[in-house]
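> Kindly return the folded structure for what I paste below:
(4 chains)
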There are 2 protein chains.
Amino acid sequence: MQKPISLKTFNRLVDMLTIIEQSPPEQQTFSSNELARNLGVSDILVRKDLNSIGISGRPKIGFSRQDLVTNLEHVLGYSGHNEAIIVGCGRLGRSLLDFHLLDSLGISLVAGFDLTPSTIGRLEVLPVTKMSSLIRRMRIKLALVSVPENVAQTVTDQLIEAGIKVIWNFTATPLIVPEDIHVHQDDLRRSVAHIQQHLDSEES
Amino acid sequence: MQKPISLKTFNRLVDMLTIIEQSPPEQQTFSSNELARNLGVSDILVRKDLNSIGISGRPKIGFSRQDLVTNLEHVLGYSGHNEAIIVGCGRLGRSLLDFHLLDSLGISLVAGFDLTPSTIGRLEVLPVTKMSSLIRRMRIKLALVSVPENVAQTVTDQLIEAGIKVIWNFTATPLIVPEDIHVHQDDLRRSVAHIQQHLDSEES
DNA sequence: TAGATTGTTAATCGATTAACAATC
DNA sequence: TAGATTGTTAATCGATTAACAATC
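Model (predicted):
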């Protein structure tokens, strides 16, 4: 009966894994204090977070690298490799397709879909008419959506109908989906708003 | 003596503006309930958020579109247009350069920098040696950083030295900066982690 | 007026921190 | 042992919600 971890804790755990991966490989232990400094939070919070997913440290020593990496990767689901498709291959879609960072994080795009077929890099862009059958045939569960705003909901409905379970939405349109489907909203707009606010305060 | 708005409120305000912009232009008023449903939060919270930035509604009527748009744009800093540069024009950098969504959100990239000069679309990629002087000459305040992890901190130091005040960090390296510099961390890794977790739970 | 919707004050809930005991 | 670091329990803080009064 583990209680679910909060979004804030989850995000900090992702950041901790990043910090550890970027540390020199010979460093075998990390104190909560060291992680806390890098994260910009308190050491108590780091210990709480780690304890909550079953990682415990040793007094006077800290947390072992091995332990941290194994557990964090497990909890964060980094072990698996997932196939995905992308719908809408305009400018944004093309950027994402060409975006090998996704690869390195364990997501591989197997096909793109658009009204007009083409090829981008080594990836085929197929006509939307073939979308549903490919999703079914390859049992794809993840779709990136970067279509024009006015068709976002229609495309979403088709994706779900075909068996997609997780949607990464790069449009600004809030998508309406059934309970069991998860939408991850890209927050470029939020990012830009934050940045602009800081720039504004800079000028004044 | 306005008290500063919280990050969560800020994010909801961004989303509210998006919802309003996407609604049919003839819709002149919005009830807190309607906005709340679209945001997936309670109506009370929507009113609290709006009140906190000085927007008030009218009982039985709701909030006026005009009022919402004007105030939200002002608070969120959408009015201005900001120039930025990008350092590191590898795959990720190129995607960002070609990413006209940034334009539409009020950020225009004026130049890219890399070890080897080139041209991407209509944008010049200049050698890094010219970076500092251009930042000074054009009084650029915002830089997007998408360099290899191992030079991220060095590049950051140069940027700050040249007068950059806000850094949008697309590397995973946590950047160390003075108090008065703001770093906005891109959270692609967090996004991917969230998505993978949902995919994992789907499989079980 | 009656009904709908806003705004405010108090209550609740969850996340963070403080204090301190436990342990290597 | 003494010192450093973890882990736990209680206190604090902030954000959300509930209840209800105000108003068009």
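
> can you pull the pLDDT of the residue lying closest to residue A:160 once chain neighbours are set aside?
Using Cβ to Cβ, 6 or more residues apart in numbering or on different chains and skipping residues adjacent in sequence, the residue nearest residue A:160 is residue A:181, 5.7 Å away. Every C-beta, even on glycine, is put in place using the N, C-alpha and C of the backbone. For residue A:181, the pLDDT comes out at 89.

> before we move on, what about residue A:155?
97.

> What is the three-state secondary structure of residue A:24?
Following DSSP: H, G, I helix; E, B strand; the rest coil, residue A:24 is assigned to coil.

> and the gap between it and residue A:65?
Residue A:24 sits 10 Å away from residue A:65 when distances are taken as Cβ to Cβ, to the nearest Å.

> Compare those two (neighbour count), which wins?
Between residue A:24 and residue A:65, residue A:65 has the larger neighbour count (other Cβ atoms under 10 Å in any protein chain shown), namely 17 against 5.

> Following the chain onward from the helix or strand of chain A with the lowest mean pLDDT, which element is next?
Using mean pLDDT, DSSP states H and E, the weakest-scoring helix or strand in chain A turns out to be helix A:100-104, at a mean of 71. As assigned by DSSP states H and E, the chain's next helix or strand after helix A:100-104 is strand A:107-114.

> What's the local residue count around the residue nearest to residue A:160?
17.

> what about residue A:156, neighbour count?
24.

> Quick check: it is in a helix.
Yes: inclusion of residue A:156 in a helix is indicated when three-state DSSP is applied.

> list the contacts for the closest residue to residue A:38 other than its chain neighbours?
The shortest distance from residue A:38 to any non-neighbouring residue, by Cβ to Cβ, 6+ apart, is to residue A:19 (4.9 Å). Neighbour list for residue A:19: A:35, A:38, A:39, B:174 [criterion: Cβ atoms under 8 Å, 6 or more residues apart in numbering or on different chains].

> and stretch A:48-64, does that touch chain B?
No: Stretch A:48-64 lies apart from chain B when judged by Cβ under 8 Å from any Cβ of the partner chain; the minimum separation is 12.3 Å.

> Could you give me the buried positions within that stretch?
By neighbour count on 16 or more other Cβ atoms under 10 Å in any protein chain shown, the buried set for stretch A:48-64 is A:49, A:50, A:52, A:53, A:55, A:57, A:62, A:63.

> For DNA strand C, see how far away the third one is.
When you say that, I think you mean residue A:52. According to Cβ to the nearest atom of the strand, to the nearest Å, residue A:52 stands 10 Å off from DNA strand C.

> The helix or strand residue A:126 falls within: partners in the sheet, and parallel or antiparallel?
Per DSSP H and E, residue A:126 falls inside strand A:123-127. Strand A:123-127 has its sheet partners listed here by DSSP bridges as strand A:107-114 (parallel), strand A:118-120 (antiparallel).

> Of all those, which one is nearest residue B:197?
Closest to residue B:197 of those is strand A:107-114 (Cβ to Cβ; 12.8 Å).

> Restricting to C-alpha, output that closest one in PDB.
C-alpha atoms of strand A:107-114 as PDB (Å, rounded to 0.1, in the frame of the first residue of the first chain):
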ATOM      1  CA  ILE A 107      11.500   7.300 -26.900                       C
ATOM      2  CA  SER A 108      11.800   6.300 -30.500                       C
ATOM      3  CA  LEU A 109       9.600   7.800 -33.200                       C
ATOM      4  CA  VAL A 110       8.600   5.100 -35.600                       C
ATOM      5  CA  ALA A 111       6.500   7.100 -38.100                       C
ATOM      6  CA  GLY A 112       5.100  10.600 -38.700                       C
ATOM      7  CA  PHE A 113       1.700  11.400 -40.200                       C
ATOM      8  CA  ASP A 114       0.500  14.300 -42.200                       C
END
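
> outside of it, which residues touch it?
With Cβ under 8 Å, 6+ apart as the test, strand A:107-114 has contacts from A:81-90, A:93, A:96-97, A:102, A:120, A:123-128, A:130-131, A:134, A:138, A:140, A:142, A:144, B:192, B:195-196.

> any idea which of the strands paired with strand A:123-127 is most buried?
strand A:107-114 (a mean of 20; mean count of other Cβ atoms under 10 Å in any protein chain shown).

> So what touches stretch A:152-170?
So stretch A:152-170 is contacted by A:84, A:87-88, A:92, A:96, A:128, A:131-132, A:135-136, A:139-147, A:171, A:173, A:175-178, A:180-186, A:188, B:191, B:195, B:198-199, B:202 (Cβ under 8 Å, 6+ apart).

> from the residues you listed, which would you call buried?
Among the contacts of stretch A:152-170, those classed as buried by neighbour count (16+ other Cβ under 10 Å) are A:84, A:87-88, A:92, A:96, A:128, A:131-132, A:135, A:140-147, A:171, A:173, A:175, A:177, A:181-182, A:184-186, A:188, B:191, B:195, B:198-199.

> Mind checking which of the residues you listed are in strands?
Residues of the buried ones among the contacts of stretch A:152-170 located in strands (DSSP state E): A:84, A:87, A:142, A:143, A:144, A:145, A:182, A:184, A:185.

> Find the nearest non-adjacent residue to residue A:39, please.
Nearest non-adjacent residue to residue A:39, counting by Cβ to Cβ, 6+ apart: residue A:15, 5.7 Å away.

> ok, that neighbour - contacts?
A:39, B:174, B:190.

> what's the answer for residue A:178, then?
residue A:160.

> likewise residue A:13?
Going by Cβ under 8 Å, 6+ apart, residue A:13 touches A:5, A:49, A:53, A:72, A:75, A:76.

> Provide a list of residues in contact with the third one.
This means residue A:53. Residue A:53 touches A:5, A:13, A:71, A:72, A:75, counting by Cβ under 8 Å, 6+ apart.

> Then the fourth one?
Taking Cβ under 8 Å, 6+ apart as the definition of contact, the neighbours of residue A:72 are A:13, A:16, A:17, A:20, A:53, A:55, A:78.
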